[in-house]
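Peer 1: fold the following and give me the result.
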Amino acid sequence: MSANDDDWEEIDTARAIALSGALGDIADGVFHSPHPFSLGGNADVRAFYKHIPGAAYVTTELTGKPDASYANYELMICHRERLDWGPNIISRLAPYTQTAYIGTNETMDIESATPKGSTITAFLFDTYKTFELFGTTFELRLCIGITKDELEYKMKTDGETLKLLLQTHGIYPYTDLFRASILLPDIG
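Peer 2: All right, here's what the predicted structure looks like:
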């Protein structure tokens with residue numbers, strides 16, 4: 001992005017206002033990437049602790065003015081409690097959006113990036129909400145952690161069917177790193 005410092009500040013402020021309109025108050029502080037996104041680093045992430053029980057985390061570097069945007073969405077992840085893993089993973093995923101579009105109902109293998117013992121092996125992506133910024137509509141691209149058999153089920157059916165099952169079981173919009181699959185009988 002070739003925006004000067006004044007443009008960056010204007011875009012950042014406008015984006016914060018737009019995201020607040022979609023998700024409520026932004027928590028104080030920002031998860032800053034040590035290396036700036038515009039110089040090839042990861043994205044900064046903001047937290048929203050009042051939108052849902054737990055925490056919603058959103059990247060804050062992909063959208064902007066029409067000529068200064070990397071994507072038409074910001075990445076989002078939700079946890080039932082405040083965790084560092086979620087903001088870290090979407091911050092690290094953000095540079096990928098500069099070369100590849102992540103669409104609704106697409107999936108991505110993330111098994112190598114999950115904590116040891118996690119049952120989550122992939123993300124299912126969904127358009128969670130939209131927000132307006134500089135007269136353009138942008139999306140919040142939710143990253144939902146899914147298990148290996150949920151991923152296989154999605155490949156046989158579609159993302160909408162799996163999303164409805166995740167909603168029915170109280171999983172959506174959360175990524176629970178150590179949960180049982182919604183497709184397996186409860187053993188216990």
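
Peer 1: flag the shaky bits of this structure, pLDDT-wise.
Peer 2: 1-6, 185-188 (pLDDT under 70).

Peer 1: who touches whichever helix in the chain runs longest?
Peer 2: Ranked by residue count under DSSP state H, the longest helix found in the chain is helix 5-23. With Cβ atoms under 8 Å, 6 or more residues apart in numbering as the test, helix 5-23 has contacts from 3, 26, 38, 46, 48, 51, 56, 58, 60, 63-65, 68, 74, 129-134, 138, 140. To be clear about C-beta, it is placed using only N, CA and C from the backbone, and glycine gets the same treatment.

Peer 1: go on, stretch 146-165?
Peer 2: 104-107, 119-126, 144, 166, 172, 179-184.

Peer 1: quick check: the residue lying closest to residue 184 once chain neighbours are set aside vs residue 24, distance?
Peer 2: Nearest-residue entry for residue 184: residue 149, 6.7 Å, with adjacent residues in sequence omitted and distances by Cβ to Cβ, 6 or more residues apart in numbering. Separation of residue 149 from residue 24 (Cβ to Cβ, to the nearest Å): 34 Å.

Peer 1: assumed the residue nearest to residue 184 was part of a helix.
Peer 2: Yes - assessed by DSSP: H, G, I helix; E, B strand; the rest coil, residue 149 belongs to a helix.

Peer 1: since we're on it, how many residues are nearby?
Peer 2: As a burial measure, residue 149 scores 14 neighbours (other Cβ atoms under 10 Å).

Peer 1: if I look at it, how far off is residue 179?
Peer 2: Distance from residue 149 to residue 179, by Cβ to Cβ: 12 Å.

Peer 1: and the strands in this protein?
Peer 2: 45-48, 55-59, 73-79, 107-109, 120-133, 136-147 (DSSP state E).

Peer 1: the second one packs against which elements?
Peer 2: Just to be clear, that refers to strand 55-59. helix 5-23, strand 45-48, strand 73-79, helix 85-93 (3 or more Cβ pairs under 8 Å, 6 or more residues apart in numbering; DSSP states H and E).

Peer 1: and these: which comes nearest residue 100?
Peer 2: Residue 100 sits nearest to helix 85-93 of all the helices and strands packed on strand 55-59, at 10.4 Å, using Cβ to Cβ.

Peer 1: please compute how far the closest one lies from its chain's middle.
Peer 2: 8 Å (Cα atoms, centre = their mean, to the nearest Å).

Peer 1: nothing else from me, thank you.
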